[in-house]
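Asks: Build me a model:
(chains A and B)
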Amino acid sequence: MIEAVLKPGGDAATALYIVAFSLFIIGIKQGTHPTTAKRGNMIAAVGMAVAVVATLLLDGMGNWGLIVIGLAAGSAIGAIASVRVQMTEMPQMVALYNGVGGGAVALIAWSELRHGISIGGDIPLEELIPTLLAAVIGSVSFWGSNIAFAKLQDLIPTRPLAVPGQQVINAVLLIGIVAACVDIAVNNGDPSQALFIGILIAAAILGNLVVLPIGGADMPVVISLLNAFTGLSAAAAGFALDNVALIVAGTLVGSSGTILTLEMATAMNRSVSNILFSGFGGAPAGGGGGSGEERPHTSIGAQDAAIKLAYADSVVVVPGYGLAVAQAQHAIKEVADELEKRGVPVSYAIHPVAGRMPGHMNVLLAEADVPYEQLKEMEEINPEMPRTGVAVVVGANDVTNPAAKNDPDSPIAGMPIIEVSEANEVIVIKRSLSPGFAGIDNDLFYEPNTSMLFDDAKKAAADIAAEIQNL
Amino acid sequence: MTLFTEITIFVLAIFVGFEVISKVPTTLHTPLMSQTNAIHGIVMLGGLIVLGYADDPLEYVIGTIAVAFGAINIVGGFMVTDRMLGMFSKKPKPKGEGESK
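Replies: Okay, here's the model as predicted:
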């Protein structure tokens, strides 16, 4: 027999919510170091349990059968997915979680509006306006995240898909949404539910149209931005429901997403609006690259590479997303192990946008048992480059292109890069000389101290490890 | 709660959020994102309240889906974060295990 004990909006419920969000903040704070982060995650999870139990104890709660079904179904899906997901698929998973979070908010907003209508009388604007905001932002993030998921999962092409007149359609949709919201707010005595559903649909189309034209290389920014959106939508729902836990938790998520968005955009030296509205990130496939003329480059095999590495003073590995695609992180770790056995220090230089989401490459390398102390950030490793014996570029391209520094006319001019060309020698493991996401030729490949090893990253790394062993 | 109390909480939470999260190192940004996914699952409270007080079929459906979505966020988010962080806190394997062949 469940006896409800807490009054909705009462002191006891609010006190428990305050405990909950305090635990979220402590949990995130513990997440600032790899050794304490796991405990921090537990603390945040305890906070969530407190919040959920407090809500279940609210006076007058009913429909327990449906609550159990919803909880059980969601928990099962979440648990299975979290165990099965590959680390290379984390961006998709986070995109999907952003999506369901936004979707939940949009549904709650719809229900809140129906609730307000059924009570009758004027719905207070301080409740109605956040409800509308939650509906719009939630719906945009649900659909936008689904598109991002589909792109990352290769269900739809990752290249930018532009609709003719895109900007005009987006603007019209946005104006329509705002107008409909104003209409509902003005008629708050008898708001039109059909109009509200219209808002949800228009926001859904907007979410699709905003993400479709964004290329694969820009996904780290998109995921972070949608993360921020879902957070804000939760905060808006908190205002609508007068719930402090939602307001604080949603705002924390919103801050996190915003920080990551700005950091990713800085790492690409582009503004967020440029990323969202320019359809770059894969568009100019012919621009600059493949202009016909063969530029001279040095090509080597695994044996030569092994010798260069084994007798180097120090080695810096520069991994890119290509490493993850080839599943080469374990093979690279083996090369590093062989080198360390011979006394060659190895570290890894991680560009902020090396993966498909913030910090992605670090997780992939951690999965391959690379100690996090060896993972160096770009600002940390660049000053050490001139003292580095050999820099090995695996599956990375644009983030090592010296044109970003030297050629003011380059499309990537000004983008912060890992300055591998400063190292004594550079080995680039790559299938061909083809350009990367930005669609431009990489000057690094043609520098005199660069050797190209044309092969699949995984195979090349395995060969090099074997050759070092034979030395 | 008055609207202005809520706005006060919101603004302070922005500052706390920026302060705390900007100290999270790049290495941990992916787990941070999946953890914020889980924290975002707090919207399940909204779903529970909606469903707990629902009294017509459409709201039953909306509420149940919202609760399920929230539960996916909470359970999936915390579990996958835990799994990832386990990789970071793992002790380096004793020498010889992966290299014996």
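Asks: Longest helix in chain B, please.
Replies: Criterion DSSP state H: the longest helix present in chain B is helix B:3-21.
Asks: Report the mean per-residue pLDDT for that helix.
Replies: For helix B:3-21, mean pLDDT rounds to 95.
Asks: Would that helix count as contacting chain A?
Replies: Yes - Helix B:3-21 reaches chain A (Cβ under 8 Å from any Cβ of the partner chain) through B:Leu3, B:Glu6, B:Ile9, B:Phe10, B:Ala13, B:Ile14, B:Val16, B:Gly17, B:Phe18, B:Val20, B:Ile21. Bear in mind the C-beta positions are built from the backbone N, C-alpha and C, glycine included.
Asks: out of those, who's nearest chain A?
Replies: Nearest to chain A, judged by Cβ to the nearest Cβ, of the residues of helix B:3-21 next to chain A is B:Gly17 at 2.8 Å.
Asks: my read: A:Ile440 touches A:Ala413, true?
Replies: No - A:Ile440 lies out of contact with A:Ala413 (Cβ atoms under 8 Å); the separation is 10.4 Å.
Asks: what's the distance between A:Ser111 and chain B?
Replies: A:Ser111 is 4 Å from chain B, where distance means Cβ to the nearest Cβ, to the nearest Å.
Asks: which SSE is the closest residue to that residue other than its chain neighbours in?
Replies: The shortest distance from A:Ser111 to any non-neighbouring residue, by Cβ to Cβ, 6 or more residues apart in numbering or on different chains, is to B:Val50 (4.3 Å). According to DSSP states H and E, B:Val50 maps onto helix B:43-52.
Asks: Format the CA atom coordinates belonging to that helix as CSV.
Replies: Only the C-alpha atoms of helix B:43-52 are listed here, as CSV (Å, rounded to 0.1, in the frame of the first residue of the first chain):
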residue,chain,number,x,y,z
VAL,B,43,12.6,15.9,-16.7
MET,B,44,11.2,12.5,-15.8
LEU,B,45,9.9,14.2,-12.7
GLY,B,46,7.8,16.3,-14.9
GLY,B,47,6.6,13.2,-16.7
LEU,B,48,5.8,11.5,-13.4
ILE,B,49,3.8,14.4,-12.2
VAL,B,50,1.9,14.7,-15.5
LEU,B,51,1.2,10.9,-15.6
GLY,B,52,0.5,10.7,-11.8
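Asks: From the contact counts, what lies against that helix?
Replies: If contacts are counted by 3 or more Cβ pairs under 8 Å, 6 or more residues apart in numbering or on different chains; DSSP states H and E, helix B:43-52 sits against helix A:37-56, helix A:64-84, helix A:90-119, helix A:219-241, helix A:244-267, helix B:57-71.
Asks: Just say which of the ones you listed is most tucked in.
Replies: helix A:219-241 (a mean of 29; mean count of other Cβ atoms under 10 Å in any protein chain shown).
Asks: tell me what that helix is packed against?
Replies: Packing partners of helix A:219-241 (3+ Cβ pairs under 8 Å, 6+ apart): helix A:90-119, helix A:125-152, helix A:244-267, helix A:272-278, helix B:3-21, helix B:29-40, helix B:43-52.
Asks: what's the spacing between that helix and its chain's center?
Replies: Chain-centre distance of helix A:219-241: 13 Å, with Cα atoms, centre = their mean, to the nearest Å.
Asks: can you give me the angle that helix makes with helix A:244-267?
Replies: Orientation check (axes from the mean of the first three to the mean of the last three Cα atoms, to 10 degrees): helix A:219-241 against helix A:244-267 gives 160 degrees.
Asks: and the angle from helix A:219-241 to helix B:57-71?
Replies: Going by the same axes, to 10 degrees, helix A:219-241 makes 130 degrees with helix B:57-71.
Asks: give the contact list for residue 78.
Replies: As the question left the chain open, I've gone with chain A. B:Ala71, B:Ile72, B:Asn73, B:Ile74, B:Val75, B:Gly76, B:Gly77, B:Met79 (Cβ atoms under 8 Å, 6 or more residues apart in numbering or on different chains).
Asks: Not quite, go with chain B.
Replies: By Cβ under 8 Å, 6+ apart, B:Phe78 lies in contact with A:Asn41, A:Ala44, A:Ala45, A:Met48, B:Gln35, B:Ala38.
Asks: Would you confirm that the second one contacts B:Ile39?
Replies: Yes - under the criterion of Cβ under 8 Å, A:Ala44 is in contact with B:Ile39, at a separation of 6.2 Å.
Asks: Work out for me the element the residue nearest the centre of chain A sits within.
Replies: Geometric centre of chain A, nearest residue: A:Met357, 3.4 Å, by Cα atoms, centre = their mean. Assigned by DSSP H and E, A:Met357 belongs to no helix or strand.
Asks: for A:Val318, same thing?
Replies: Taking DSSP H and E as the definition, A:Val318 sits inside strand A:315-319.
Asks: May I have the helix or strand following that strand exported as CSV, CA atoms only?
Replies: Counting by DSSP H and E, the next helix or strand C-terminal to strand A:315-319 is helix A:321-325. C-alpha atoms of helix A:321-325 as CSV (Å, rounded to 0.1, in the frame of the first residue of the first chain):
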residue,chain,number,x,y,z
TYR,A,321,38.8,10.2,-36.3
GLY,A,322,40.3,8.0,-39.0
LEU,A,323,42.0,6.0,-36.2
ALA,A,324,38.6,5.3,-34.7
VAL,A,325,37.1,4.3,-38.0
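Asks: Contacts for helix A:321-325, please.
Replies: Residues outside helix A:321-325 that contact it (Cβ under 8 Å, 6+ apart): A:88, A:329, A:332, A:354-356, A:360-361, A:364, A:394-397, A:430, A:457.
Asks: shaky segments in the stretch 351-471 of chain A?
Replies: A:438 (pLDDT under 70).
Asks: Pick out the residue of it closest to chain B.
Replies: A:Gly359 (3.0 Å).
Asks: What number of neighbouring residues does the closest residue to A:Glu334 other than its chain neighbours come out with?
Replies: Taking Cβ to Cβ, 6+ apart, and ignoring the residues beside it in sequence, A:Glu334 has A:Ala465 as its nearest neighbour in space, at 4.3 Å. By the criterion of other Cβ atoms under 10 Å in any protein chain shown, A:Ala465 has 22 neighbours.
Asks: you'd agree the residue nearest to the centre of chain A is up against B:Ser34?
Replies: No - contact status for A:Met357 versus B:Ser34: not in contact, 9.7 Å apart, counting by Cβ under 8 Å.
Asks: which neighbours do the two share?
Replies: By Cβ under 8 Å, 6+ apart, the residues touching both A:Met357 and B:Ser34 are A:Met90, A:Val94.
Asks: mean pLDDT for the helices and strands packed on helix A:219-241: which is lowest?
Replies: Per-stretch mean pLDDT for the helices and strands packed on helix A:219-241 is lowest at helix A:272-278 (a mean of 79).
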